[in-house]
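K.L.:
Next input, structure requested:
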Amino acid sequence: MGKKILIADDEEDVKVVVQLFLESKGYDIVTAYDGLDAMDRAREENPDLIILDVMMPIIDGFEVCKKLKEDPGLKDIPVVMLSASSHAESKQRGIEVGAVEYIVKPFDPEKLQAVIESILK
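P.N.:
Below is the predicted model:
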């Protein structure tokens, strides 16, 4: 059984592409549509890694990451931020709230896989 990854992104096409790609590499994928859903799914599924979009409805990815890192049961799950924003401030904020990596869209799925593999070693 592969490692479980939670993908939280409100852009269905992005979520599906990432999901299909990672499933083809042997990962078990769980998805969430928005920040609130991502928090619930993280608690329910206890994934090995979380991929978070920054700009999502209800709660943005920065706030979700911050809340995850404040939760004793979820704080050790590594978070990779995935965002259309390439601004240095956004990257900095992602790291400040606890993300281990910040990847800018559009991204290379192979690079994403390499990042995931290095984190989950």
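
K.L.:
Identify the spatial nearest neighbour of Ser86, chain neighbours not counted.
P.N.:
Val104 (4.6 Å; CB to CB, 6 or more residues apart in numbering). C-beta coordinates here come from the backbone N, C-alpha and C atoms, glycine included.

K.L.:
Does that neighbour touch Met81 like I think?
P.N.:
No - using CB atoms under 8 Å, Val104 is not in contact with Met81, being 9.4 Å away.

K.L.:
okay, the two: which has more neighbours?
P.N.:
A direct count of neighbours by other CB atoms under 10 Å for Val104 and Met81 places Met81 higher, at 27 against 14.

K.L.:
Now do the contacts for Asp28.
P.N.:
Contacts for Asp28 (CB atoms under 8 Å, 6 or more residues apart in numbering) come out as Met1, Gly2, Lys3, Lys4, Ile5.

K.L.:
And the pLDDT at it?
P.N.:
On pLDDT, Asp28 comes in at 97.

K.L.:
how near is it to Ile5?
P.N.:
The gap separating Asp28 from Ile5 is 7 Å, by CB to CB, to the nearest Å.

K.L.:
Now name the helix or strand holding Lys15.
P.N.:
Assessed by DSSP states H and E, Lys15 sits inside helix 12-24.

K.L.:
which residues make contact with that helix from outside it?
P.N.:
5, 7, 9, 29, 31, 51, 53, 82, 105, 109, 112-113, 116.

K.L.:
How about the backbone phi and psi for the spatially most central residue of the chain?
P.N.:
The residue lying closest to the centre of the chain (CA atoms, centre = their mean) is Ile51, at 1.1 Å. The phi and psi values for Ile51, taken as degrees, to the nearest 10, are phi -110, psi 120.

K.L.:
How about Phe62?
P.N.:
Per-residue torsions, Phe62: phi -60, psi -50 (degrees, to the nearest 10).

K.L.:
Leaving out sequence neighbours, find the closest residue to it.
P.N.:
Using CB to CB, 6+ apart and skipping residues adjacent in sequence, the residue nearest Phe62 is Val97, 5.2 Å away.
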